[in-house]
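J.: heads up, no residue letters with this:
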């Protein structure tokens, strides 16, 4: 079975987004995503939509709780109309520290709250499309006012797919219950996915009366690739930095625990508090890299991705630096092979 293949917009400069989006479409990607790290995830999508025709656009992910569902609903509605139905709204809950200390948002258990958030979005969009009275009353969110002056009105593609990110089984179950897909965190292994996340998704789907073929699992994880093995080895060092960064987050310890590496979380966390970011990758072993990442040169990377994700993921993230015509042809060939049934 073939995958849908996604890439990301990595530039922090809005003026560079049109060229990146056009290039992604020319290379044959199915989707292009924007992460929300140091910059807003929605603004680049306006430019990506304007300068492409076919490719799907999405947030991967926008942080949900700092935004009212009404604010998110309005932005997504406008993007869906402007892109002619190409938006995938990816949402994430983030961890307690970032919600409270970076966004100044009151924290509560994320799974029931994100579940209600998605249901509120659906209720708001239904009012936008049909004009029916808005009457959503929940524990965290209440929306009961929508006058004609504030209703943007119906659009041609009113169903906006909503995916949520999940590292724990509670969010994964919610994804299965109320969402169109799940975005597997990069800090993830196939063992953890198969033993923890997918069973939770299937419980959620059963609760919603849906089947697996009505749901998208989006993965891809970390990737260490290059033309030569020497390039791959250099990429592995970057992967180790990424694993050590995410591994220092205690909320994500369950992934390490699944492999018997739980003690590494405490060591990484303590080093992060001491600012020892450059030393942290030394705790990441080659065995860990093999569990977290696809490690292969260009001529073997398709087989490696298929072996890892086939039967698990419907969409995979893939990207290589394009510095020459040779790189461009390699990327096109890999994308086509991944898409093949």
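T.: Yep, it's here. Note that the structure is predicted; figures quoted are calculated from it, not measured.
J.: quick one, strands of the stretch 101-250 of the chain?
T.: 136-137, 142-143, 162-166, 181-184, 216-219, 222-224 (DSSP state E, counting those that start in this stretch).
J.: for these, which one sits closest to residue 244?
T.: Residue 244 lies closest to strand 222-224 among the strands of the stretch 101-250 of the chain, at 11.7 Å (Cβ to Cβ). Using the backbone N, CA and C atoms, a C-beta is placed for each residue, glycine as well.
J.: Okay, now the sheet partners of the closest one, with direction.
T.: Using DSSP bridges, strand 222-224 pairs in its sheet with strand 293-295 (parallel).
J.: So for residue 214, what's the nearest residue that isn't a sequence neighbour?
T.: Once flanking residues are discounted, residue 214 sits nearest to residue 205: 7.6 Å by Cβ to Cβ, 6 or more residues apart in numbering.
J.: Just the pLDDT for that neighbour.
T.: On pLDDT, residue 205 comes in at 98.
J.: gap between it and residue 196?
T.: 16 Å (Cβ to Cβ, to the nearest Å).
J.: again, but for residue 259
T.: Residue 259 is 12 Å from residue 196, where distance means Cβ to Cβ.
J.: okay, those two: which has more neighbours?
T.: residue 196 (21 against 15; other Cβ atoms under 10 Å).
J.: low-confidence ranges in the protein?
T.: For the chain, not a single residue meets the criterion pLDDT under 70.
J.: Apply 90 and report the result again.
T.: Applying pLDDT under 90 to the chain flags the ranges 1, 10-12, 185-186, 220-221, 251, 320-324, 327, 341.
J.: Out of the strands of the stretch 101-250 of the chain, flag the one nearest residue 103.
T.: With Cβ to Cβ, the closest approach to residue 103 among the strands of the stretch 101-250 of the chain belongs to strand 162-166: 16.0 Å.
J.: quick one, which of the strands of the stretch 101-250 of the chain is nearest to residue 313?
T.: strand 216-219 (3.9 Å).
J.: strand partners of the closest one, parallel vs antiparallel please.
T.: Per DSSP bridges, strand 216-219 is paired in its sheet with strand 181-184 (parallel), strand 315-317 (parallel).
J.: Just give me the residue right at the centre of the chain.
T.: Nearest to the geometric centre of the chain sits residue 60, at 3.8 Å (Cα atoms, centre = their mean).
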